[in-house]
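Colleague: The sequence isn't on hand, but the structure is:
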Ligand code: CP
C-alpha cells in the first residue's frame, strides 16, 4: 500500500471548522482525500487503515448524505460504527447532551461525529470528551466536511482553486455550508461572491472578504462556479420572500440562464436540492452539474478526516 501523503503533518485530533485551518492544512486534507479515493478505486473499495477503531455518529438533526457517508467512510477504512439518533434515545428521559456523548465515548469510541442545531455544540463536546470530535454541521455556523468536499470537487474539475470566481447563491444567512465554503475557498485564493435577496444576504458579509451581490443575472457572466444553496425554511422565523415562484424568477439556475453563463461553468449544490426553487431539473441533471460528484467526494473527504484526526490522536498510526 502507498504511504499516505504526509499524514504526520496533521496535528489536530478534532475537526471543528475551516475558519481556523491554514491553506496548508486544507490542502493536506484535499490531497489525502484524493489519494484515498484512488486507493479505494473511486471510494468503492476497502482499506484497513482504521481496523480496530470505532466511530460514533451522533446526529441530532436529520441527514441523508452526511450521516450515511461518514458511516460508509468509516467502514471503507475498516472501522466499526455506531449510529445514534436523538429520536428514540434516552434524551427523552432527561439525559443531557454531554452525558449522552460521554456514555457513547465510554464504549471505547475513537471519534464522535456530531450534527446539532446549536452552533458551537462540537466545540463544547471537544472540551468534554477525550476522543476525536468531527463537526458534521452545527446550526448555521459551519459544515466543514461539506466545504471540503465542495472545494475538492472544484479542484478536481478545474485543477486549482486560485483565481476562480465562485458564487454561493441563495439562503446565505442560514447556511453553514456558505460559511465553510467562504473560509476554505478564500484561503486557497478564490474570489467568493454571496448572492441572494437582501433578506438573506446582509452587507455585513463583506467583513468576511466576500463580494455581496443581489442580482444573479448581473454576476452570472463572471462566475466559474455556482453553488446553489437550499432555502432553509426550517431555520427561518419569517418567510424572506413572498413566494418560492418569485424567488425562482430571480435566483433559480435554469436553462435560459445557462445560455448566459460561461461555457465551462460548474453547477454545484450541497443537497438536498429543491427542484424548481434554486435549480431546475434540466440544470440539476445537465452536463454542467457535478452534484453527484460532490456526494462521491464526500466519502473521500470523510475518509481523509477520520484518518487524519485518528493519526493525530494516536501518534505513529500514520507511519
Ligand atoms: N449536504 C448535507 O449536509 O446533506 P444532509 O443534510 O442530507 O446530510
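Modeller: Alright, I've got the coordinates. All figures in this text were calculated on a predicted structure; none of them were measured in a lab.
Colleague: Return the backbone torsion pair for the residue in the stretch 151-300 of the chain that the ligand sits nearest to.
Modeller: In the stretch 151-300 of the chain, no residue comes nearer to the ligand than residue 270, which is 4.1 Å away by CB to the nearest ligand atom. (C-beta placed from N, C-alpha, C; glycine too.) In terms of degrees, to the nearest 10, the main-chain angles of residue 270 are phi -70, psi -20.
Colleague: Which of the three states applies to the closest residue to it other than its chain neighbours?
Modeller: Taking CB to CB, 6 or more residues apart in numbering as the measure, residue 270 lies nearest to residue 177, with 4.7 Å between them; neighbours along the chain are not counted. When the structure is reduced to helix, strand and coil (DSSP: H, G, I helix; E, B strand; the rest coil), residue 177 reads as helix.
Colleague: Tell me the spacing between residue 24 and residue 313.
Modeller: Computed with CB to CB, to the nearest Å, the distance linking residue 24 and residue 313 is 20 Å.
Colleague: Who has more neighbours out of these two?
Modeller: When residue 24 and residue 313 are compared on other CB atoms under 10 Å, the one with more neighbours turns out to be residue 313, at 17 against 10.
Colleague: which residues sit in contact with the more buried one?
Modeller: For residue 313, the set of contacting residues under the criterion of CB atoms under 8 Å, 6 or more residues apart in numbering consists of 13, 110, 111, 131, 132.
Colleague: can you tell me the helix or strand for residue 183?
Modeller: Assigned by DSSP states H and E, residue 183 falls within helix 176-187.
Colleague: what residues does stretch 221-228 touch?
Modeller: 150, 154, 158, 164-170, 177, 181, 193, 253, 260-262, 264-270, 273, 278-279.
Colleague: Which members of those are positioned in strands?
Modeller: In strands, judged by DSSP state E, the following of the contacts of stretch 221-228 are found: 165, 166, 167, 168, 169, 193, 266, 267, 268.
Colleague: Can you pick out the most distant pair from those residues?
Modeller: When the ones in strands among the contacts of stretch 221-228 are compared pair by pair using CB to CB, the farthest-apart members prove to be 193 and 267, with a separation of 15.2 Å.
Colleague: Pull up the gap between residue 207 and residue 182, please.
Modeller: 11 Å.
Colleague: just the strands in the chain please.
Modeller: In the chain, strands defined by DSSP E lie at 54-59, 80-85, 111-116, 132-138, 165-169, 191-195, 211-213, 225-228, 266-268, listed in chain order.
Colleague: Now tell me what touches stretch 86-96 from outside.
Modeller: The list of residues contacting stretch 86-96 from outside it, by CB under 8 Å, 6+ apart, reads 59, 60, 97, 100, 103.
Colleague: Report how many residues lie close to residue 276.
Modeller: Close neighbours of residue 276, defined as other CB under 10 Å, add up to 14.
Colleague: Quick check, it in contact with residue 248.
Modeller: Yes. A contact is recorded between residue 276 and residue 248 when judged using CB atoms under 8 Å, the distance being 6.4 Å.
Colleague: How about residue 278: what's its closest non-neighbour residue?
Modeller: Once its chain neighbours are removed from consideration, residue 278 has its nearest residue in residue 228; the separation is 4.4 Å (CB to CB, 6+ apart).
Colleague: pLDDT weak spots in the stretch 101-250 of the chain?
Modeller: With pLDDT under 70 as the threshold, the stretch 101-250 of the chain has low-confidence stretches at 233, 235-237.
Colleague: what does it have sitting close to the ligand?
Modeller: By CB under 6 Å from any ligand atom, the part of the stretch 101-250 of the chain that sits against the ligand consists of 137, 146.
Colleague: And the residue of the stretch 101-250 of the chain that's closest to the ligand?
Modeller: Here the residue of the stretch 101-250 of the chain nearest the ligand is residue 146; by CB to the nearest ligand atom that distance is 5.3 Å.
Colleague: Would you check how far apart that residue and residue 102 are?
Modeller: Here the distance between residue 146 and residue 102 works out to 27 Å (CB to CB).
Colleague: the more surrounded of those two?
Modeller: When neighbours are counted by other CB under 10 Å, residue 146 and residue 102 differ, and residue 146 comes out ahead with 26 against 14.
Colleague: Identify the residue nearest that one in space, chain neighbours excluded?
Modeller: residue 177 (4.9 Å).
Colleague: residues contacting that neighbour?
Modeller: Residue 177 neighbours (CB under 8 Å, 6+ apart): 143, 146, 147, 150, 168, 227, 229, 270.
Colleague: ok, residue 207 and residue 182, which is more surrounded?
Modeller: residue 182 (24 against 8).
Colleague: Redo the ones in strands among the contacts of stretch 221-228 as JSON lines? Include neighbour count and distance to residue 42.
Modeller: As requested, the ones in strands among the contacts of stretch 221-228 are exported to JSON lines (neighbours: other CB atoms under 10 Å; distance: CB to CB, whole Å):
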{"residue": "165", "neighbour count": "16", "distance to residue 42": "29"}
{"residue": "166", "neighbour count": "25", "distance to residue 42": "25"}
{"residue": "167", "neighbour count": "25", "distance to residue 42": "29"}
{"residue": "168", "neighbour count": "29", "distance to residue 42": "27"}
{"residue": "169", "neighbour count": "26", "distance to residue 42": "29"}
{"residue": "193", "neighbour count": "21", "distance to residue 42": "32"}
{"residue": "266", "neighbour count": "21", "distance to residue 42": "19"}
{"residue": "267", "neighbour count": "20", "distance to residue 42": "21"}
{"residue": "268", "neighbour count": "26", "distance to residue 42": "19"}
